[in-house]
Structure formats: C-alpha cells, structure tokens
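J.: Sequence and computational prediction follow.
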Amino acid sequence: MKTLLKIGSYLGLVLTICPSVFYFLGKMELSSCHLFMAIGMGLWFVTAPFWINSKTEKS
C-alpha cells in the first residue's frame, strides 16, 4: 500500500512539473497545462501525507 502511495505521489509531481516545461517549449496549450497541473497537485496532496512522515518498518 505504501508503495502505491509513493508511485501516486511521484506521478503527481511529474504531472505538476512536466506540463510547465512542455508549455515553455511550445508543445502544450495553456488550458491543457492548467488541467494537468491541477490533477497533479490534487494527486500529490491526496497521496503524499500518508507516507512522507511515517516511520519505516525495519526488517
């Protein structure tokens, strides 16, 4: 479960950062950039708090 949360968080970060780069390079429209960045931000804020400050399990 923790692994899925991490994957979701990293995907959210990618969806937040990459559209701005694509818009800067002229490969994406501004409305699409806003949509993907909003989805990425929501995904990050929903998934990150559950794993970022939790204690790690020792084997």
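T.: Looks like it came in fine.

J.: What score does the residue sitting nearest the centre point of the chain have for pLDDT?
T.: For the chain, the residue nearest the mean C-alpha position is residue 12 (1.1 Å; Cα atoms, centre = their mean). Per-residue confidence for residue 12 comes out at a pLDDT of 96.

J.: again, but for the one 10 residues further on
T.: pLDDT, residue 22: 97.

J.: most residues in a single helix of this protein, which one?
T.: The longest helix of the chain (DSSP state H) is helix 2-25.

J.: Report the buried residues of that helix.
T.: For helix 2-25, the neighbour count (16 or more other Cβ atoms under 10 Å) marks 5, 8, 9, 12, 15, 16, 19, 23 as buried. C-beta coordinates here come from the backbone N, C-alpha and C atoms, glycine included.

J.: Tabulate those residues in TSV, adding columns for distance to residue 48.
T.: Output for these, formatted as TSV (distance: Cβ to Cβ, whole Å):
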residue	distance to residue 48
5	8
8	8
9	5
12	7
15	13
16	11
19	19
23	24
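
J.: Kindly indicate which of these lies nearest residue 51.
T.: residue 5 (4.6 Å; Cβ to Cβ).

J.: Just give me the neighbour total for residue 1.
T.: Per other Cβ atoms under 10 Å, the neighbour tally for residue 1 reads 7.

J.: That one and residue 12: what is the separation?
T.: 17 Å (Cβ to Cβ, to the nearest Å).

J.: Residue 30 too?
T.: Taken as Cβ to Cβ, the span from residue 30 to residue 12 is 20 Å.

J.: Right, I'll call it a day here.
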